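**Q** sharing a model prediction with you, sequence too.
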Amino acid sequence: MLLHNTTACLILLAAAKRFEMEHQPIYSNQGGHYGISNPGYVPTAGGAPAMFAPPVADSQGPSAPPASMFDSMPGYEGTVAGGGGFLPPPMPAVPTPQPQPGPEQPHWNIPSISEDTARDAFVLFASSKCCYSSAPAKDGVITDMEAFNTYRYRLETFTESRSTEWSHEPYSGQTVDAYAQPPPGPWDIPAQAPNFFLNGKKTIKVPYTSSVKSCHSCVGMGRQPCKDCAGAGNKVCWVCNGSGYRHGDDRCHHCSGRGRENCSRCHGQGSKQCDVCRGKQQLLVYINLTVKWTNNSDDYVVEQSSGLRVDNLSKVSGKELFRDSQYMVYPVMGFPDPSVVNAAQRLINDHQARFSQTSRILQQRQTIELIPVTKVTYTWKGNSHLYFVYGNEFKVNADNYPATCCCTIL
Ligand SMILES: *[C@@H]1O[C@H](CO)[C@@H](O)[C@H](O)[C@H]1NC(C)=O
Ligand SMILES: *[C@@H]1O[C@H](CO)[C@@H](O)[C@H](O)[C@H]1NC(C)=O
Ligand SMILES: *[C@@H]1O[C@H](CO)[C@@H](O)[C@H](O)[C@H]1NC(C)=O
Ligand SMILES: *[C@@H]1O[C@H](CO)[C@@H](O)[C@H](O)[C@H]1NC(C)=O
Ligand SMILES: *[C@@H]1O[C@H](CO)[C@@H](O)[C@H](O)[C@H]1NC(C)=O
Ligand SMILES: [Zn+2]
Ligand SMILES: [Zn+2]
Ligand SMILES: [Zn+2]
């Protein structure tokens, strides 16, 4: 119950903060429901012109299309074939979090596990290891159980990034629309993330950039000389090395004595269909926009003194105490453990710095979990040993299990 009150308190605080922010046009969700997807970022009108990565040198070999094949498109001047350059989004006004007084220090309900739960988990652990005897787990006498419960703070920032590149495909009557009107800016093209907090990618042909060009690879012929036979259609017989004879006077059967054989790659034709235009002689040249959605996640786990390392806790889940999801979250305030508050502040600043320049933040989510950790001391055959039971899953860690076949004669 106390737990709920505190969560409610944190939510109220966030809601109050949020109410202030609703004067800014960026915020479109008026409902104030947390943990529910809201529309996130709402694009501002009239995107700024995009910046581009410098064009890369011609490193794509002879079949790379020449730059002259790409028309200059307003708003896409720096786009190159091969792509790669990200496009920084036009910057919306970024709300600056204001420090807020935290609520009263609450009392947290610390769950504890029973001896039976600890023993059952331990027996299960021992039986899952093929060379462990289950005797210590079954017959050991528990002498002490100590709770070292800890918190995990997690910040997820869901971002969208965009890049453009010149592309081409064989022309077979697709719509040609270059210059019909200026193309929309790279950040003005609508693309809906399929799911918040799930990675995804989408490629979109930029409207009003498609034109038809003669194929650069075959110079509009639709066919290319065969590389294997240099266009001859045949080559020296590999069996007789062109002599037509084997072992002195025996006629070569492979080439019937001709000394040459048909090129298998072009079936004796000397040329083959152009790979680039697939024989169509013409290419549709256009700009492709790649939209990428990324779930960026960082954790902070409060160090505890049980002896169980923090990275062992990454594999288990805990009890969720707090969840807050919105366009941009504010650092949690008034949480009883100040290191969690500090970590929230630090990670939120860090994500802001890392992601807001190169991508658009669509949604953030912060959660706090309570991870149960119990250190169990037990005696077996007169010696004291210990193990840990941790996480909602009751995962067991026993580094010095006393009866493994490699170190104990049973
Ligand atoms: C987001 O990513 C983190 C790790 O990168 C992952 O643990 C988390 O489950 C992801 N969220 C979703 C909803 O997939
Ligand atoms: C460009 O985008 C379209 C989808 O709109 C896709 O079918 C095509 O393969 C993309 N071209 C390249 C070179 O990635
Ligand atoms: C063909 O030439 C290769 C090396 O040039 C040689 O090893 C091979 O023995 C020759 N074969 C015949 C049948 O002369
Ligand atoms: C070699 O290629 C020519 C021309 O395509 C063809 O007429 C001839 O039948 C081929 N010969 C063999 C042995 O495949
Ligand atoms: C934690 O995990 C590592 C390997 O993931 C393991 O070697 C170590 O013994 C574990 N236990 C403790 C108490 O850190
Ligand atoms: Zn031959
Ligand atoms: Zn050939
Ligand atoms: Zn071609």
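**A** Received the coordinates, thanks. Ligands and ions are numbered 1, 2, ... in the order given.
**Q** where do the helices sit along the protein?
**A** 2-21, 115-128, 135-139, 338-355 (DSSP state H).
**Q** where among those is the average confidence lowest?
**A** Lowest mean pLDDT of these: helix 2-21, a mean of 40.
**Q** near ligand 3, which residues of this protein?
**A** Residues of the chain that fall close to ligand 3, judged by Cβ under 6 Å from any ligand atom: 240-241, 246. (C-beta placed from N, C-alpha, C; glycine too.)
**Q** for residue 373, list each beta-bridge partner.
**A** Bridge pairing for residue 373 (DSSP bridges) gives the partners residue 390.
**Q** what is the burial count for it?
**A** Applying other Cβ atoms under 10 Å, we find 22 residues neighbouring residue 373.
**Q** touching, it and residue 149? I think so.
**A** Yes. Counting by Cβ atoms under 8 Å, residue 373 touches residue 149, with 5.8 Å between them.
**Q** any residues in contact with both of these two?
**A** Here residue 373 and residue 149 have residue 304 as joint contacts, going by Cβ atoms under 8 Å, 6 or more residues apart in numbering.
**Q** name the helix or strand of the protein that has the lowest mean pLDDT.
**A** Taking mean pLDDT, DSSP states H and E as the measure, the helix or strand of the chain with the lowest value is helix 2-21, at a mean of 40.
**Q** list only buried entries from the residues of the chain next to ligand 3.
**A** By neighbour count, with 16 or more other Cβ atoms under 10 Å, those hold 240, 246 as buried.
**Q** show me which of the residues of the chain next to ligand 3 is closest to residue 309.
**A** Checking these against residue 309 by Cβ to Cβ gives residue 241 as the nearest, at 68.3 Å.
**Q** next, give phi and psi for that closest one.
**A** Main-chain dihedrals, residue 241, degrees, to the nearest 10: phi 60, psi 30.
**Q** same question, residue 217
**A** The phi/psi pair for residue 217 (degrees, to the nearest 10) reads phi -80, psi -40.
**Q** settle this for me: it is touching residue 280, isn't it.
**A** No. Judged on Cβ under 8 Å, residue 217 makes no contact with residue 280 at a distance of 11.4 Å.
**Q** ok, residue 319 to residue 150 distance?
**A** Distance, residue 319 to residue 150, using Cβ to Cβ, to the nearest Å: 12 Å.
**Q** anything in contact with each of these two?
**A** Residues touching both residue 319 and residue 150 (Cβ under 8 Å, 6+ apart): 370-371.
**Q** skipping adjacent residues, who's closest to residue 149 in space?
**A** Leaving aside its sequence neighbours, residue 149 sits nearest to residue 372 (Cβ to Cβ, 6 or more residues apart in numbering; 5.1 Å).
**Q** go on, residue 159?
**A** Excluding the flanking residues, the one nearest residue 159 by Cβ to Cβ, 6+ apart is residue 359, at 4.0 Å.
**Q** show the backbone phi and psi for residue 357.
**A** The phi/psi pair for residue 357 (degrees, to the nearest 10) reads phi -80, psi -40.
**Q** that one and residue 259, how far apart?
**A** Going from residue 357 to residue 259 by Cβ to Cβ gives 67 Å.
**Q** and those two? Which one has more around it.
**A** Using other Cβ under 10 Å, the more surrounded residue of residue 357 and residue 259 is residue 259, with 16 against 11.
**Q** how about the strands in the stretch 251-400 of the chain?
**A** Counting by DSSP state E, counting those that start in this stretch, one finds strands in the stretch 251-400 of the chain at the ranges 260-262, 271-273, 282-301, 319-326, 360-371, 373-380, 383-390, 395-397.
**Q** run me through the strand neighbours of the second one, direction for each.
**A** Okay, so that is strand 271-273. In the sheet, strand 271-273 lines up with strand 223-225 (antiparallel) (DSSP bridges).
**Q** can you check the third one too?
**A** Each strand that strand 282-301 pairs with, and the sense of that pairing, follows from DSSP bridges: strand 150-170 (antiparallel), strand 200-205 (antiparallel), strand 211-214 (antiparallel).
**Q** and what of the fifth one?
**A** The strands that strand 360-371 pairs with in its sheet are strand 150-170 (antiparallel), strand 319-326 (antiparallel) (by DSSP bridges).
**Q** okay, those strands, which one's buried deepest?
**A** When the strands paired with strand 360-371 are scored by mean count of other Cβ atoms under 10 Å, the highest mean neighbour count falls to strand 150-170 (a mean of 22).
**Q** that one vs ligand 5: in contact?
**A** No. Shown here: strand 150-170 not in contact with ligand 5 (Cβ under 6 Å from any ligand atom), separated by at least 13.5 Å.
**Q** any residue of that strand touching ligand 8?
**A** No. Strand 150-170 does not reach ligand 8 (Cβ under 5 Å from the ion); its nearest approach is 7.9 Å.
**Q** please apply the same query to stretch 202-212.
**A** No. If you take Cβ under 5 Å from the ion as the test, stretch 202-212 misses ligand 8, and the best it gets is 12.8 Å.
**Q** need the contact list for the residue lying closest to residue 364 once chain neighbours are set aside.
**A** Nearest residue to residue 364 in three dimensions, chain neighbours excluded: residue 329, at 4.5 Å (Cβ to Cβ, 6+ apart). Residues near residue 329 by Cβ under 8 Å, 6+ apart: 14, 155, 348, 364-366.
**Q** identify the farthest-apart pair in those residues.
**A** Longest distance between any two of the contacts of residue 329 is 14.0 Å, between 14 and 155; criterion Cβ to Cβ.
**Q** close to ligand 5: what parts of the stretch 201-350 of the chain are there?
**A** 307-309, 312.
**Q** show me which of the residues you listed are buried.
**A** By 16+ other Cβ under 10 Å, those give residue 308 as buried.
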